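>>> got a structure for you, letters missing:
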């Protein structure tokens with residue numbers, strides 16, 4: 001039996017748009033599909049977004065020989081202010097992790113400061129610090145893809 005490794009990280013980004021536009025990048029399925037994707041070479045299998053309290057999100061893809069499956073449930077949404085969701089991540093046939101994620105949108109001049117906090121439990125034997133650093137890099141890459149969408 002493997003132990004559960006825990007990690008927490010915070011990523012802050014500033015975007016040159018008001019909070020309602022930054023929030024829409026999360027809540028609008030068309031916008032989210034432009035930045036919430038896998039790394040270079042990743043292929044989409046299935047995607048859905050039911051953005052409401054109690055709603056679910058699915059992102060299923062393939063990278064080389066293994067598949068990734070992200071399944072989320074939204075627990076708290078305050079339009080243009082915050083999003084709270086819990087998600088499972090499966091890699092191949094393994095239940096890789098379970099996370100609580102919060103996204104906060106703070107007015108910052110004419111723009112928005114987005115604060116993302118994730119608390120993750122790795123269920124498959126992934127080491128805590130290494131796994132957390134890898135998850136943080138992957139999440140930061142999503143937000144890097146969001147920046148051009150919000151600058152256009």
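Done, it's in. Being a predicted model, the structure only gives us computed values, none of them experimental.
>>> I'd like to know how many residues surround residue 38.
Other residues near residue 38 number 18, with proximity taken as other C-beta atoms under 10 Å. In short, each C-beta sits where N, CA and C put it, glycine included.
>>> contact partners of stretch 80-94?
Contacting residues not belonging to stretch 80-94 are listed as 19-20, 23, 26-27, 57, 66-77, 95-105, 124 [C-beta atoms under 8 Å, 6 or more residues apart in numbering].
>>> Pull out the buried members of those.
Buried residues within the contacts of stretch 80-94, counting neighbours by 16 or more other C-beta atoms under 10 Å: 19, 23, 26-27, 57, 68-70, 72, 74, 77, 96-97, 99, 101-105, 124.
>>> In helices only, show me those residues.
With helices identified by DSSP state H, the entries of the buried ones among the contacts of stretch 80-94 that belong to them are 19, 23, 26-27.
>>> any chance you could map the strands in the chain?
Taking DSSP state E as the test, the strands found in the chain are 5-15, 43-49, 56-63, 66-78, 82-91, 94-108, 111-122.
>>> right, and those - which one's nearest residue 33?
Closest approach to residue 33 among the strands of the chain is made by strand 43-49 (6.4 Å; C-beta to C-beta).
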